[in-house]
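>>> Next one to model:
(2 chains)
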Amino acid sequence: EDQVTQSPEALRLQEGESSSLNCSYTVSGLRGLFWYRQDPGKGPEFLFTLYSAGEEKEKERLKATLTKKESFLHITAPKPEDSATYLCAVTFYTGNQFYFGTGTSLTVIP
Amino acid sequence: NAGVTQTPKFQVLKTGQSMTLQCAQDMNHEYMSWYRQDPGMGLRLIHYSVGAGITDQGEVPNGYNVSRSTTEDFPLRLLSAAPSQTSVYFCASSYSTISGDNSPLHFGNGTRLTVT
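As a prediction, this is how the structure comes out:
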């Protein structure tokens, strides 16, 4: 059973059209939830860490939120340069591993 | 700051050949790991290390070996390459994974491996 599920798999937005990406996890004992951005041909780049339900983090047009079983990455008024794959990862108190979702491929059309 | 450096960037191997993917970090991170990324499969953990001299298996360890003789380096060895090992390989490091510490992973830019 997958530990982390991301949706949608792909998302196309017009420039300025706000939307949200979802990351849900199935195992209890969350230690941390991480959001990454990955550009083609590059390694994932760290964006945010969230620790507990109710927490929010912001960076430019991106805002990440966390509930008990899922996280949302809200993109406000996106620009073409926000086009990338966004990955979510979680860690649990029971181990040392990071578990990644399969990502959401975001395309922002001018 | 160099961060996490992976070499080579590209590699083509024939079935049965062996090779080592290199990974070095200059951030004094205790935790280092290797992932492979395949379309539709996401990032899958191959091996990881919580410090020099300590390694452990991840989700997909078969066909790969690792060792950690220094804090800085964590090479990944392919023993006898197979077409199923065609993938993009990422090395990642983190300051610590001790319970209560939420240090994120920092990634290199990957090695693109093709096995024919």
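
>>> what pLDDT does the closest residue to chain B within chain A get?
Residue nearest to chain B within chain A (Cβ to the nearest Cβ): A:G43, separated by 3.3 Å. In this view, the C-beta of every residue, glycine as well, is placed from N, C-alpha and C. Per-residue confidence (pLDDT) for A:G43: 97.

>>> now do A:L30
86.

>>> which residues touch it?
A:90-93 (Cβ atoms under 8 Å, 6 or more residues apart in numbering or on different chains).

>>> Relative to A:Y86, how far out is it?
A:L30 is 19 Å from A:Y86, where distance means Cβ to Cβ, to the nearest Å.

>>> Then A:S19?
On the measure of Cβ to Cβ, A:S19 and A:Y86 end up 11 Å apart.

>>> Residue nearest the middle of chain B, spatially speaking?
Centroid-nearest residue in chain B, with Cα atoms, centre = their mean: B:W34, separated by 2.4 Å.

>>> ok so, going back, A:S19 and A:Y86: who's more crowded?
A:Y86 (24 against 15; other Cβ atoms under 10 Å in any protein chain shown).

>>> Let me know the helix or strand that the more buried one is in.
Applying DSSP states H and E as the criterion places A:Y86 in strand A:84-92.

>>> Show me how far the longest strand anywhere in chain B is from its chain's centre.
Secondary structure of chain B read by DSSP state E shows that its longest strand is strand B:42-51. Per Cα atoms, centre = their mean, to the nearest Å, the displacement of strand B:42-51 from the mean C-alpha position of its chain is 7 Å.

>>> what's in contact with it?
Residues contacting strand B:42-51 (Cβ under 8 Å, 6+ apart): A:44, A:87, A:89, A:96-98, A:100-103, B:30-38, B:55-61, B:64-66, B:68, B:71, B:74, B:76, B:89-90, B:97.

>>> mind listing what's buried in that strand?
Residues of strand B:42-51 classed as buried: B:42-50 (neighbour count, 16 or more other Cβ atoms under 10 Å in any protein chain shown).

>>> neighbours around residue 4, how many?
The chain I'm using is chain A. 21.

>>> wait, I meant chain B there
22.

>>> Equivalent analysis for B:T70, please.
10.

>>> Also B:P61?
B:P61: 16 surrounding residues under other Cβ under 10 Å.

>>> That one: what secondary structure?
Under DSSP: H, G, I helix; E, B strand; the rest coil, B:P61 falls in the coil class.

>>> how near is the residue lying closest to A:T94 once chain neighbours are set aside to A:F92?
Excluding the flanking residues, the one nearest A:T94 by Cβ to Cβ, 6 or more residues apart in numbering or on different chains is A:G29, at 5.8 Å. Distance, A:G29 to A:F92, using Cβ to Cβ: 5 Å.
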